[in-house]
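> Give the three-dimensional model of this entry:
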Amino acid sequence: MSNINSMDGKTVLITGASRGIGRETALALAKTGAHVVMVCRESKKAHESYEAISATAGKDYIDLMIADLSSMDSIRRLASEIKKKYTSLHV
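Residues are numbered from 1 along each chain as shown. As a prediction, the model looks like this:
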């Protein structure tokens, strides 16, 4: 029986992951073994958050993608990158 709190092997996409609740959610899920895909708009803040989270959870559990979700072109590029890189997205 698996641990209900384990996210091992799950790929989770978090938008707004550079600050606030998005950042805390990304960190908490990475600590449970999830592979977290951080989607952030601002590159500088995103990289700072990525470094902080990966220092705690480990770089194997975190990926960073930059996208402006107010732009359909940016959303399409993000979706294309996700489809190329990941075989499945669980959450």
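> Residue 30 and residue 36: what is the separation?
5 Å (CB to CB, to the nearest Å). For every residue, glycine as well, the C-beta is placed using N, CA and C.
> which of those two has more neighbours?
residue 36 (29 against 24; other CB atoms under 10 Å).
> That one belongs to a strand?
Yes: counting by DSSP: H, G, I helix; E, B strand; the rest coil, residue 36 is found in a strand.
> wait, what's in contact with it?
12-14, 17, 26, 29-30, 53, 57, 61-63 (CB atoms under 8 Å, 6 or more residues apart in numbering).
> what is in contact with residue 30 and residue 36 at once?
Joint contacts of residue 30 and residue 36 (CB under 8 Å, 6+ apart) are 53, 57, 61-62.
> how far away is residue 88 from residue 45?
On the measure of CB to CB, residue 88 and residue 45 end up 28 Å apart.
> In terms of neighbours, single out the busier of those two.
residue 45 (14 against 7).
> wouldn't the more buried one be in contact with residue 17 here?
No: counting by CB atoms under 8 Å, residue 45 sits too far from residue 17 to count as a contact (10.0 Å).
> ok, back up a step: return the member of the contacts of residue 36 nearest to residue 78.
Nearest to residue 78 among those is residue 13, at 9.3 Å by CB to CB.
> so what's the closest residue to that closest one other than its chain neighbours bridging to?
Leaving aside its chain neighbours, residue 13 sits nearest to residue 37 (4.5 Å; criterion: CB to CB, 6 or more residues apart in numbering). When bridges are called by DSSP bridges, residue 37 pairs up with residue 13, residue 63.
> how deep is residue 37 tucked in, by neighbour count?
23.
> So which of the contacts of residue 36 sits lowest on pLDDT?
Ranked by pLDDT, the contacts of residue 36 bottom out at residue 61, which has 83.
> What strand or helix carries the closest residue to that one other than its chain neighbours?
Leaving aside its sequence neighbours, residue 61 sits nearest to residue 30 (CB to CB, 6+ apart; 4.3 Å). Here residue 30 sits within helix 20-31, counting by DSSP states H and E.
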